[in-house]
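>>> Show me how the following folds:
(one chain, ligands or ions: 1)
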Amino acid sequence: MRIIIEPDYEAISRKAAQIVADRIRKKPDIVLGLATGSTPLGMYQELIRMHKEESLDFSKVVTFNLDEYWGLPSSHPQSYHYFMWNNLFSHVNITSERVHIPSGTVNDVEAYCSWYEDKIKKAGGIDLQILGIGRDGHIGFNEPGSSLGSRTRMKTLTPETVEDNARFFENKDEVPKFAITMGGGSIMEAKECLLLASGKNKAETVQRCIEGPICAECTSSILQLHPKVIAILDEEASQKLRRKEYYKYVEKMALKFKKS
Ligand code: F6R
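Numbering: from 1, shown residues only. Below you'll find the model as predicted:
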């Protein structure tokens with residue numbers, strides 16, 4: 001895993017956007033896996049800026065989102081549909097037929113989830129998967145105890161996740177208790193993953209994800225088995241990494257190597 005440590009949230013957002021933009025320029029019809037939540041917001045803002053000021057072209061890009069709350073219609077201001085259109089898609093030149101976000105209102109969840117997986121396969125698989133990390137170690141909504149080989153399905157959210165997400169809702173009782181999420185197995189099929197984390201409340205989880213044992217108790221730890229992951233962390237999120245200085249040294253050496 002490549003670990004990039006930046007001073008703060010603004011810097012991780014810029015770095016992540018540079019990587020995404022680089023991959024889009026190299027492969028204009030790239031298939032992106034996208035995440036919601038607070039963490040990627042700065043990166044989306046920077047990508048919008050790059051679209052407007054540097055002609056970053058989204059016209060051939062295809063996207064698949066990781067998850068959606070169960071029970072929220074796409075018009076609900078807290079749905080991930082709403083989030084993605086509001087924070088990215090409406091501001092760049094992507095068309096709705098290239099955008100895929102799991103539905104939170106289908107009747108036959110099982111059939112829908114296998115249709116979603118199939119759609120990803122038919123698109124050629126995800127080239128670059130953006131990931132945030134939950135305090136309980138989740139990626140997507142793969143809560144502790146999720147099978148590390150799981151596929152897209154319905155998950156019950158932990159009380160911790162419900163509490164964390166309550167900040168977006170007027171009333172805690174409104175926070176959905178279930179979500180449809182891509183599984184650990186689905187995420188691992190992405191050709192490359194970009195994991196973002198910011199803030200000291202993520203520091204312990206980030207340490208478990210990157211340096212802890214690979215286990216269902218911290219589902220993001222499965223990324224240790226992925227051949228191509230870049231983790232972009234700010235100083236606060238990286239403060240509990242045991243080998244933090246070594247990771248910084250590796251990046252410094254890599255820069256020297258590239259220059260020579
Ligand atoms: C959202 C998602 C979640 C979030 C995680 C962190 O699509 O997949 O795993 O990335 O809950 O959320 P924030 O960024 O709000 O701390």
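>>> Send me the particular helix or strand that has residue 42 in it as CSV with only the CA atoms.
Residue 42 is located in helix 41-54, with elements delineated by DSSP states H and E. Provided in CSV are the C-alpha atoms of helix 41-54 (Å, rounded to 0.1, in the frame of the first residue of the first chain):
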residue,chain,number,x,y,z
LEU,A,41,-16.2,16.6,-0.6
GLY,A,42,-13.0,18.6,-0.9
MET,A,43,-11.8,16.3,-3.7
TYR,A,44,-15.1,16.7,-5.6
GLN,A,45,-14.8,20.5,-5.3
GLU,A,46,-11.3,20.4,-6.7
LEU,A,47,-12.4,18.1,-9.5
ILE,A,48,-15.2,20.6,-10.4
ARG,A,49,-12.6,23.4,-10.4
MET,A,50,-10.4,21.3,-12.7
HIS,A,51,-13.4,20.7,-15.0
LYS,A,52,-14.2,24.4,-15.1
GLU,A,53,-10.7,25.9,-15.3
GLU,A,54,-8.6,23.1,-16.8
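>>> got the contact list for that helix?
For helix 41-54, contacts defined as Cβ atoms under 8 Å, 6 or more residues apart in numbering pick out 9-10, 12-14, 16-17, 20-21, 56-58, 87-88, 91-93, 130, 196. In this view, the C-beta of every residue, glycine as well, is placed from N, C-alpha and C.
>>> mind running it again at 10 Å?
8-21, 24-25, 34-36, 40, 56-58, 83-84, 86-94, 130, 132, 194, 196, 198, 232 (Cβ atoms under 10 Å, 6 or more residues apart in numbering).
>>> buried set for it?
41, 42, 43, 44, 45, 46, 47, 48, 50, 51 (16 or more other Cβ atoms under 10 Å).
>>> can you redo the residues you listed as a markdown table with distance to residue 168 and pLDDT?
Output for these, formatted as a markdown table (distance: Cβ to Cβ, whole Å; pLDDT from 0 to 100):
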| residue | distance to residue 168 | pLDDT |
| --- | --- | --- |
| 41 | 12 | 98 |
| 42 | 17 | 98 |
| 43 | 18 | 98 |
| 44 | 16 | 99 |
| 45 | 18 | 98 |
| 46 | 22 | 98 |
| 47 | 21 | 98 |
| 48 | 21 | 98 |
| 50 | 26 | 98 |
| 51 | 25 | 98 |
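>>> Dump the residues you listed to a markdown table, plus distance to the ligand.
Shown next, in a markdown table, are the buried residues of helix 41-54 (distance: Cβ to the nearest ligand atom, whole Å):
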| residue | distance to the ligand |
| --- | --- |
| 41 | 8 |
| 42 | 11 |
| 43 | 11 |
| 44 | 12 |
| 45 | 14 |
| 46 | 16 |
| 47 | 16 |
| 48 | 18 |
| 50 | 21 |
| 51 | 21 |
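>>> Flag every buried residue along whatever helix or strand residue 114 lives in.
Using DSSP H and E, the secondary-structure element containing residue 114 is helix 109-122. The neighbour-count check on helix 109-122 (16+ other Cβ under 10 Å) flags 109, 112, 113, 116, 117, 120 as buried.
>>> One more: stretch 81-94?
Buried residues in stretch 81-94, defined by neighbour count with 16+ other Cβ under 10 Å: 81, 82, 83, 84, 85, 88, 89, 91, 92, 94.
>>> Check stretch 20-37 too.
Going by 16+ other Cβ under 10 Å, stretch 20-37 has these buried residues: 20, 21, 23, 24, 30, 31, 32, 33, 34, 35, 36, 37.
>>> Sort out for me which of these are in strands.
Per DSSP state E, strands hold the following members of the buried residues of stretch 20-37: 31, 32, 33, 34.
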